[in-house]
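Novice: I would like to see how this sequence folds:
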Amino acid sequence: MRELIICYLGEMALKGLNKNTFEAQLMKTIRRRLRNCGQFKYYKAQSTFYIEPENEDCDIDTAFEKVKKIFGIAAVSKAAVVEKDFEVIAQTAVEYLGETLKNAKTFKVSAKRADKKFGMTSPEISRELGGRILSRYHHLKVDVNNPEVNVMVEIRDYGAYIHGGKEQGAGGMPVSTSGKGALMLSGGIDSPVAAYMMAKRGMKIMAVHFASPPYTSERARQKVITLCEKMKEYTGDINLHIVPFTVPQEYIRDNGVPELFTVLMRRSMMRITEKIAEEEGAEAIITGESLAQVASQTLRAIRATDLSVEMPILRPVIGMDKNEITEIARKIDTFETSILPYEDCCTIFTPSHPKTKPSLEEILEAEKNMDMEVLTKLEMEAMAETEKVFVNI
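Specialist: Here you go, the predicted structure:
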């Protein structure tokens, strides 16, 4: 019995003249993600991708789990493929889904006849196959509204496909079809979720992390690498830049206005991130900021931060509360790593009473008094000492 994986495309199927470009990128991504699972044959028809093992050494179960995390795929199923003959279809359905049917109480049969040359209509397939299953498994009852098992038969170009229903895929658009963004990866809960959200819209992710040794430790550094390892299951390869930010941060602490420290620091980080992003070919900066979550995320603070750079700043979780963000973090398996209690450079030197509604004029005056030539020089030196870590899928 031949078994394969069927990938059903979502909104990508509506892309009109650009559809082939999106499909080509998705196929490239699938091949890359499954390269360690064995040799597969890949083909497509009717906005559906097929992934078929070429030998018994292929790990189809691992491949199936990986495919569910690839953006651009709306749903997936593991199916048996047979010739387009009803007797073969009926026998295979009973055998292939036998264990599942034995342990269920209710079922229904859903048929889709994409190949109109097949001699039976979809309702006829459903009715006849349902009768065969009931005659074999007497304990089963038909439930067309909420069955435990949905036996699906799809009559398509290359054969008849039998499976126990579709599982939800990652959805969205294929990574790399919407350009590249530079994620400011703090190590907290929010920024990995922001990366996930933008990757889902087709954006390739690179990351910039600011470390401040000795105030931040090697464990904090390893934490962000671990987060990238977890994120890559959805985002693909991540080029992580770890910027030694201690000297610029200390300069801001010693020469800036204390209650404006957080915004002044964020502006410095933005400037460095923008320069790194430009070198890497990224076209936007991504942050995990959520409106009014902390003092530096008020509208005035955000405006002051934005105006430090020319590059667009994307904030995909800006309107989410912490519970919503945490729910996604748990889903993508970054939450437990994010809450590890290791130092974050954004939390050191934090003033007791930060100003929540700073004016741009106040910020610019504070930077002028710090001597921006000196700070810019320190930022460039930090960039020159940046560590690059390539986290590949």
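Novice: drop to CA atoms for contacts and neighbour counts, all remaining ones
Specialist: Will do.
Novice: quick one: contacts for the closest residue to Met1 other than its chain neighbours?
Specialist: Beyond its immediate neighbours in the sequence, the residue positioned closest to Met1 (C-alpha to C-alpha, 6 or more residues apart in numbering) is Ala80, lying 6.8 Å away. Each residue near Ala80 by C-alpha atoms under 8 Å, 6 or more residues apart in numbering is listed here: 1-4, 92, 96, 161-163.
Novice: Taking those residues, tell me the two that lie furthest apart.
Specialist: Greatest spatial distance among those (C-alpha to C-alpha): Leu4 and Thr92, at 14.1 Å.
Novice: and this protein, what are its domains?
Specialist: When the chain is parsed with automatic domain parsing, its domains come out as 2-168, 180-391.
Novice: how far out from the middle of the chain is the first one?
Specialist: The chain centroid and the centroid of domain 2-168 are separated by 24 Å, computed with C-alpha atoms, centre = their mean, to the nearest Å.
Novice: now do the longest one
Specialist: Distance of domain 180-391 from its chain centroid, counting by C-alpha atoms, centre = their mean, is 19 Å.
Novice: pLDDT (mean, whole number) over it?
Specialist: Averaged across domain 180-391, pLDDT comes to 93.
Novice: so is Ser77 in a helix, a strand, or just coil?
Specialist: Using DSSP: H, G, I helix; E, B strand; the rest coil, the structure places Ser77 in strand.
Novice: check contacts around it.
Specialist: For Ser77, the contact set (C-alpha under 8 Å, 6+ apart) comprises 5-7, 163-167.
Novice: hmm, try it at 6 Å
Specialist: Applying C-alpha atoms under 6 Å, 6 or more residues apart in numbering, one finds that Ser77 lies in contact with 5-6, 166.
Novice: Now it. Nearest residue, chain neighbours left out?
Specialist: Lys166 (4.9 Å).
Novice: pretty sure Tyr50 is touching Tyr43, no?
Specialist: Yes: here Tyr50 lies in contact with Tyr43, judged by C-alpha atoms under 6 Å, at a distance of 5.3 Å.
Novice: In terms of neighbours, single out the busier of these two.
Specialist: Tyr50 (17 against 11; other C-alpha atoms under 10 Å).
Novice: you'd agree the more buried one is in a helix?
Specialist: No: assessed with three-state DSSP, Tyr50 is strand; it does not lie in a helix.
Novice: Apart from its chain neighbours, what residue comes closest to it?
Specialist: Ile6 (4.8 Å).
Novice: tell me the contacts of the residue nearest to Lys44 when sequence neighbours are not counted?
Specialist: Closest residue to Lys44 apart from its sequence neighbours, by C-alpha to C-alpha, 6+ apart: Tyr50 at 5.8 Å. Tyr50 sits next to 5-6, 42-44 when contact means C-alpha under 6 Å, 6+ apart.
Novice: Output those residues in TSV, with pLDDT, distance to Pro316 and secondary structure appended to each entry.
Specialist: Written out in TSV, the entries for the contacts of Tyr50 read as follows (pLDDT from 0 to 100; distance: C-alpha to C-alpha, whole Å; DSSP: H, G, I helix; E, B strand; the rest coil):
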residue	pLDDT	distance to Pro316	secondary structure
Ile5	96	32	strand
Ile6	94	30	strand
Tyr42	93	33	strand
Tyr43	89	34	strand
Lys44	87	32	strand
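Novice: Just the buried residues of those.
Specialist: Of the members of these, the ones counted as buried by neighbours, 16 or more other C-alpha atoms under 10 Å, are 5-6.
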